[in-house]
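> Got a sequence here, can you build the structure:
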Amino acid sequence: MSQSALKAKTMAMRSGRSRTGLQALPILAAALTALLAGCAQRDSITVGAIPDDYRTNHPIVIAEKNQKIDLPVGAGDRGMTGSQRDTLLGFLDGYDKSAAPTLTIQVPSGSANEVAATAAGRDFARLAVAAGIKRDRIVVVSYQAGSSEASAPVRVSYIAVRAQTDKCGRWPDDLVETSENKHYADFGCSYQNNLAAQMANPNDLLGPRKQTTIDAERRGQVIDDYRKVPLAVPPVSQEVDY
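Numbers count the residues shown, from 1 in each chain. From the prediction side, this is the model:
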């Protein structure tokens, strides 16, 4: 092959390669644009999640709840005993005097201790009045006892607003099944119940309360105690020879 023919063939090959590279550029640009568009679409997708929070599964709600206590009364008792008095006073500590709900005292009828229970019920009512409950908010009623040969208790109850949640002990699924990595149904129920039981004022769960007024007497006592404390004397530096 002559030198001129070889030169022409080389020029043709270079020209073909240049055209191939130019044709590949639009393809690469289109692929890059598609990749960028895919990334942009991912940001606009919202993925929904199934609630798996114990506070959602066992929410604390504020509702009215019947507070009650059964006080056993012996057939030979004559009125309220000291033990019954202490127990009833502890129960009445949760009575909200500002709301003043009705305090119901249920005395058994037809039981072996009917006479003793009637006398104890009257003493319970007098103790409630002494504890600050209005007389017109106390109702004494009777209920039919189950057996005339057994002693029945005197039941004291009132309605109060309490924080509460659902009952614990639901086990619908096998605890070994953890493929979804989710809490079991009863998870956190005991904690929520304990937290609800510790709430002295359930309204604190709804929002903060208004700040109360300052106790001026207590504030003055604290300031006086502070003034009586002698000023601290700085320690005297001493040299120690070893």
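> Sketch out the strands for this structure, chain order is fine.
61-71, 103-109, 138-144, 154-164 (DSSP state E).
> Just put those in JSON lines and tack on mean neighbour count, distance to residue 213 and mean pLDDT.
Any C-beta I mention is one placed from the backbone N, CA and C, and that applies to glycine too. Below are the strands of the chain laid out as JSON lines (neighbours: other CB atoms under 10 Å; distance: least, CB to CB, whole Å; pLDDT from 0 to 100):
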{"stretch": "strand 61-71", "mean neighbour count": "14", "distance to residue 213": "26", "mean pLDDT": "91"}
{"stretch": "strand 103-109", "mean neighbour count": "21", "distance to residue 213": "30", "mean pLDDT": "95"}
{"stretch": "strand 138-144", "mean neighbour count": "13", "distance to residue 213": "32", "mean pLDDT": "95"}
{"stretch": "strand 154-164", "mean neighbour count": "19", "distance to residue 213": "24", "mean pLDDT": "92"}
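> Need the ones you listed in a markdown table (columns: distance to residue 179).
Formatted as a markdown table, the strands of the chain follow (distance: least, CB to CB, whole Å):
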| stretch | distance to residue 179 |
| --- | --- |
| strand 61-71 | 32 |
| strand 103-109 | 52 |
| strand 138-144 | 53 |
| strand 154-164 | 33 |
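> Which among the ones you listed is found nearest to residue 180?
Nearest of these to residue 180, taken as CB to CB: strand 61-71 at 27.3 Å.
> Show me what that closest one is packed against.
helix 82-92, strand 154-164 (3 or more CB pairs under 8 Å, 6 or more residues apart in numbering; DSSP states H and E).
> Relative to it, what are the paired strands and their orientations?
strand 154-164 (antiparallel) (DSSP bridges).
> what distance separates the partner strand from the middle of the whole chain?
19 Å (CA atoms, centre = their mean, to the nearest Å).
> From the rest of the structure, what touches that strand?
60-71, 73, 88, 91, 94-96, 99, 101-108, 117, 120-121, 124, 143, 193, 195-197, 199, 202-203, 205 (CB atoms under 8 Å, 6 or more residues apart in numbering).
> ok so, going back, and of the helices and strands packed on strand 61-71, who's closest to residue 226?
Comparing the helices and strands packed on strand 61-71 by CB to CB, helix 82-92 comes nearest, at 37.2 Å.
> Return the angle between stretch directions for the closest one and strand 61-71.
Angle of helix 82-92 versus strand 61-71, following axes from the mean of the first three to the mean of the last three CA atoms, to 10 degrees, is 170 degrees.
> Now do helix 82-92 against strand 103-109, angle only.
140 degrees.
> Find out how far stretch 101-116 is from the centre of the chain, if you would.
Using CA atoms, centre = their mean, the offset of stretch 101-116 from its chain centre is 36 Å.
> Oops, could you answer that again for stretch 57-70 instead?
12 Å.
> of all the strands of the chain, which lies closest to residue 214?
strand 154-164 (28.1 Å).
> hey, C-alpha coordinates of stretch 129-144 in PDB?
C-alpha atoms of stretch 129-144 as PDB (Å, rounded to 0.1, in the frame of the first residue of the first chain):
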ATOM      1  CA  VAL A 129     -69.000  15.700 107.900                       C
ATOM      2  CA  ALA A 130     -66.200  16.200 110.300                       C
ATOM      3  CA  ALA A 131     -63.700  15.700 107.500                       C
ATOM      4  CA  GLY A 132     -65.200  18.700 105.600                       C
ATOM      5  CA  ILE A 133     -67.800  17.100 103.400                       C
ATOM      6  CA  LYS A 134     -71.100  18.900 103.200                       C
ATOM      7  CA  ARG A 135     -74.000  17.100 104.900                       C
ATOM      8  CA  ASP A 136     -76.300  17.500 101.900                       C
ATOM      9  CA  ARG A 137     -73.700  15.700  99.700                       C
ATOM     10  CA  ILE A 138     -73.900  12.500 101.800                       C
ATOM     11  CA  VAL A 139     -76.400   9.900 100.900                       C
ATOM     12  CA  VAL A 140     -77.000   6.700 103.100                       C
ATOM     13  CA  VAL A 141     -78.800   3.900 101.200                       C
ATOM     14  CA  SER A 142     -79.200   0.200 101.800                       C
ATOM     15  CA  TYR A 143     -78.500  -2.800  99.500                       C
ATOM     16  CA  GLN A 144     -79.600  -6.400  99.600                       C
END
